[in-house]
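Colleague: Just a sequence and a predicted model for now, questions to come.
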Amino acid sequence: MATQEIEYSEKYCDDEGFEYRHVILPKYVAKNVPKGRLLSEKEWRGLGVQQSRGWAHYGIHRPEPHILLMKRHKDTDPVTGLVHGRRYDQLVGKYLD
């Protein structure tokens, strides 16, 4: 099963208040990933990626498209996906309400 073969890096942070991680997909799963665009949460979860709430696919490393680059605000509640109790666009870096 692909879910068991997916690898997750340790989380790391920057000085801007975000945490990051890499999700490494098995090559046979990565073949089904849409090319040249970021995946929605529904899409990456559909591939078998399992993470707490609030993560966003923010970048594509062209030499290794089987690695999903993920980020979220460091104050994201992992259960609700909210930041300080509010909806937050992880890609744009702004509150939605």
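Modeller: Received it, and whenever you're ready, just let me know what you need. Everything quoted here is computed from the prediction, not taken from an experiment. Residues are numbered from 1 along each chain as shown.
Colleague: Other residues contacting the longest helix that the chain contains?
Modeller: Counting residues, the longest helix in the chain under DSSP state H turns out to be helix 41-46. Helix 41-46 has contacts (CB atoms under 8 Å, 6 or more residues apart in numbering) with 23, 34, 55, 56, 57, 68. Using the backbone N, CA and C atoms, a C-beta is placed for each residue, glycine as well.
Colleague: What is the burial count for residue 19?
Modeller: 17 (other CB atoms under 10 Å).
Colleague: Repeat that for residue 53.
Modeller: Neighbour count of residue 53, defined by other CB under 10 Å: 13.
Colleague: Contacts only, for it.
Modeller: So residue 53 contacts 76, 77, 78, 79, 80, 81 (CB under 8 Å, 6+ apart).
Colleague: Can you tell me which of those residues has the most neighbours?
Modeller: Ranked by neighbour count (other CB under 10 Å), the contacts of residue 53 have residue 76 at the top, with 22 neighbours.
Colleague: tell me the SS of the residue positioned nearest the centre of the chain?
Modeller: Residue closest to the average C-alpha location in the chain (CA atoms, centre = their mean): residue 70, at 3.2 Å. At residue 70 the chain is in strand, as set by DSSP: H, G, I helix; E, B strand; the rest coil.
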